[in-house]
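Asks: attaching a predicted model along with its sequence, questions to come.
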2 protein chains.
Amino acid sequence: MITLQQIADEAGVSKMTVSNVINGRFDKVSNQKIELIQGIIEKNHYVPNLSARSLVKHQSRMIALLVNAFVLDYNVFKDPYISRLFGEIETAIRATGYYTIVQTVDNIKDSITLLRNWNVDGAIFLTPQKEEDMELLRRQAICPMVFLDNYYQSDSHFLSVNIDDYKGGYIATKHLLLNGHRKIAFASYFGEKSDVISTRLKGYSDALREFGISESCIIDTFTRYEDGMSIGRDIANHKYDITAVFATSDHLALGIIKGCSLNGCIVPNDLSVIGFDDLDLCTISTPELTTVAQDVHDKAEETVKLLLRAISEDEVSRAPITCDVELKVRQTVQNISSGNQQGLKS
Amino acid sequence: MITLQQIADEAGVSKMTVSNVINGRFDKVSNQKIELIQGIIEKNHYVPNLSARSLVKHQSRMIALLVNAFVLDYNVFKDPYISRLFGEIETAIRATGYYTIVQTVDNIKDSITLLRNWNVDGAIFLTPQKEEDMELLRRQAICPMVFLDNYYQSDSHFLSVNIDDYKGGYIATKHLLLNGHRKIAFASYFGEKSDVISTRLKGYSDALREFGISESCIIDTFTRYEDGMSIGRDIANHKYDITAVFATSDHLALGIIKGCSLNGCIVPNDLSVIGFDDLDLCTISTPELTTVAQDVHDKAEETVKLLLRAISEDEVSRAPITCDVELKVRQTVQNISSGNQQGLKS
DNA sequence: TTGTACGCGTTATCAT
DNA sequence: ATGATAACGCGTACAA
């Protein structure tokens, strides 16, 4: 491990001169010395010790990526949405020259400790946080932070990037309505208060209202594939009086389709289904899933760009960024408006 | 940002005493002072500056996770195997109190710089590395490293954790043979030399030989879903004279099944298929995919355990660790040994 | 261009 | 036994 001092000794100059060369302050060093020093650096594969640099500069060029830990013993990175988002963000961070330190969080205090331990320059929370944890963060953490899919009040060091959940709920429901459906279920997890879900629900309700439909059908369920299967079975067994389901997760939607088919109800003939997220799975499955797509790549880039601005400018517009969504029409919605009969045989 | 010195001032003692309390060296401090100091630490939410600590101790309590970057513009973390492995390893690392720094690699020099920049204590490479990069690492990097799915020669600071690829190839092929198949294709990517693939191929060949079959059918293809679809189409169109395929990736296998079905060839009736990895997809798809499963959780734990031993003991058995694999029998293999007719209608 | 102090925590030495 | 003092690790800032 060669150090600045050793290079300085070998070149017969002071540490400062070497430091100036390394940091491109060439106007402060004569040309011959620049070449001499650069040669020595090359030869010895010198790499600066960033701990030392961090110590004096009170910054680290590290960004923390925090992801809520296992839920129900389920490795979060098995969630294709999370892992894809993670990959896109890591890539965006690397492109800026920052380092990425990652931690799954099961106790927010550990994350706060991490941020302060390493003088982290900024943090990104990939998953929604509880309100009390947000309060703690606001009080104890010191760096700018970006929260994804979080509707908490933002300020200049406490930023948000969301998708247009309202529009997502609205266009999915509207698409079903335009295809003649009138009895449409909204399937999601309501077990804990979530602004993401309630916003999508609002889009759903408004679309229904636009068509003069006042009654809605809410299905409260976990959103994994297996949970979908059991809902699908219920649907096939006429537990709900519906011709279509809008599910707030692709896995849930796919499970519903499978559960239905196992019980003699075929999508889209007997039931139309729309999912949310546009995972790769949507085009791998048969039939291919119609779904609300979010542009994860764009979301990741916006997130990193916003965070970097907050780090360097320290005054940033606090308006949350909202990324667009769009409907991907595929094979799980059937038009039943005229002649096309659909519905469960009774 | 409160520092050791400030705590010492407030307590009316020296930095040393505070440091001793923080590091649990209670035998060197009187009980009253311990309580006093701990109180101050609590009150001020003191967190040590790990850059400073790293500077003097020449270690960082950081472990680097390196993953080969985008291939063909494809976000690696979209690969369910990689992201799951990543999640399991991160969790194992966090459980030990180490921090995880992650970087996708497209140039090994960047990774070496990372390791030295931060005095990283150890590194884990999730994806196979090129030989010349391994040589560079051996020469320039200083910490213990574990390579996953890599058959490179190991030594006490250059370790390997693999799965039993030979057994995987063997049991999959044997299962097909026992179900009456004699014309079995091996589908994989041979574009670049890979010990993982050649080892699986050896298992395949040996199983065939055991049944007196000397001729094999090798299909060389990329291993994504889309690539599988085009192979599936070829199979349905009688390009190959086979009744079964062993594909070295689940995505490839699933694509083959889809490509077949799009062209009137139904799995398992007309073709039997076995995949590799046991992704969640295997049970989501219809029919459910028979596949060779690896225990990713176990692999992750072994990896981290091995690395920590190499870090602390600095003499470690250099024998590569081999994790077991097993066949998950599901719905894509049909028994054609007696009476059960199978094969493409011609 | 260079000397010197500094940032923060640890280790080693010395005093009571 | 307890505690204090000093030097150290590595790079940066500022005065000289």
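Replies: Great, that's in hand.
Asks: show the pLDDT at the closest residue to A:Q5 other than its chain neighbours.
Replies: Excluding its sequence neighbours, the residue lying closest to A:Q5 (CB to CB, 6 or more residues apart in numbering or on different chains) is A:K15, at 5.6 Å. Bear in mind the C-beta positions are built from the backbone N, C-alpha and C, glycine included. With respect to pLDDT, A:K15 scores 89.
Asks: contact partners for the residue nearest to A:G97 when sequence neighbours are not counted?
Replies: Leaving aside its chain neighbours, A:G97 sits nearest to A:R61 (7.0 Å; criterion: CB to CB, 6+ apart). Neighbouring residues of A:R61 by CB atoms under 8 Å, 6 or more residues apart in numbering or on different chains: A:L50, A:S54, A:G97, A:Y98, A:Y99, A:D121.
Asks: in the residues you listed, find the pair that's most separated.
Replies: A:S54 and A:G97 (14.5 Å; CB to CB).
Asks: tell me which of those two has more neighbours.
Replies: A count of neighbours by other CB atoms under 10 Å in any protein chain shown puts A:S54 above the other of A:S54 and A:G97, at 24 against 7.
Asks: check which helix or strand the more buried one maps to.
Replies: helix A:50-57 (DSSP states H and E).
Asks: next secondary structure after that helix?
Replies: Following helix A:50-57 toward the C-terminus (DSSP H and E): strand A:62-68.
Asks: name the next helix or strand downstream of that next one, please.
Replies: Next along from strand A:62-68, by DSSP H and E: helix A:80-96.
Asks: which parts of that following helix are buried?
Replies: Across helix A:80-96, burial judged by 16 or more other CB atoms under 10 Å in any protein chain shown covers A:80-94.
Asks: ok, which of these also contact chain B?
Replies: Contacts with chain B are made by A:P80, A:S83, A:R84, A:F86, A:G87, A:E88, A:E90, A:T91, A:R94 out of these, judged by CB under 8 Å from any CB of the partner chain.
Asks: ok, the first one - contacts?
Replies: So the one you mean is A:P80. A:L279, A:D280, A:L281, B:K78, B:P80, B:S83.
Asks: wait, is the first one part of a strand?
Replies: No. Read with DSSP: H, G, I helix; E, B strand; the rest coil, A:L279 is coil and lies in no strand.
Asks: verify the stated contact: it with A:Y81.
Replies: Yes. The criterion here is CB atoms under 8 Å, and A:L279 meets it with A:Y81 at 6.5 Å.
Asks: so A:T291, which of the three states?
Replies: Taking three-state DSSP, the label given to A:T291 is strand.
Asks: that one against A:D250, yeah?
Replies: Yes. Using CB under 8 Å, A:T291 is in contact with A:D250, at 5.8 Å.
Asks: these two: who's more crowded?
Replies: A side-by-side neighbour count of A:T291 and A:D250, using other CB under 10 Å, places A:T291 first with 31 against 27.
Asks: how about the contacts made by that one?
Replies: By CB under 8 Å, 6+ apart, the neighbours of A:T291 are A:D250, A:A253, A:I274, A:G275, A:F276, A:D277, A:D278, A:C282, A:L327, A:K328, A:R330.
Asks: now do A:I37
Replies: Contacts of A:I37 by CB under 8 Å, 6+ apart are A:I7, A:A11, A:V13, A:T17, A:V18, A:V21, A:V29.
Asks: which member of those residues is positioned nearest chain B?
Replies: Closest approach to chain B among those (CB to the nearest CB): A:I7, at 14.5 Å.
Asks: now the helix or strand encompassing A:V161: how far from the chain's centre is it?
Replies: In the assignment (DSSP H and E), A:V161 maps to strand A:158-163. In terms of CA atoms, centre = their mean, to the nearest Å, the centre of strand A:158-163 is set 10 Å apart from its chain centre.
Asks: returning to what we had before: which one among the buried residues of helix A:80-96 gets closest to DNA strand C?
Replies: Nearest to DNA strand C among the buried residues of helix A:80-96: A:I93, at 25.0 Å, using CB to the nearest atom of the strand.
Asks: how about the closest one, nearest residue that isn't a chain neighbour?
Replies: A:T100 (5.0 Å).
Asks: so what's the one you found bridging to?
Replies: Counting by DSSP bridges, A:T100 forms beta bridges with A:I63, B:V102.
Asks: isn't it right up against B:Y99?
Replies: No. In this structure, A:T100 is not within contact of B:Y99 by CB under 8 Å, at 11.3 Å.
Asks: which bits of the stretch 51-200 of chain A sit near DNA strand D?
Replies: Counting by CB under 7 Å from any atom of the strand, the stretch 51-200 of chain A comes close to DNA strand D at A:A52, A:R53, A:L55, A:V56, A:K57.
Asks: a markdown table please, covering those residues and showing distance to B:G180.
Replies: Listed next are those as a markdown table, based on distance: CB to CB, whole Å:
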| residue | distance to B:G180 |
| --- | --- |
| A:A52 | 68 |
| A:R53 | 67 |
| A:L55 | 69 |
| A:V56 | 72 |
| A:K57 | 70 |
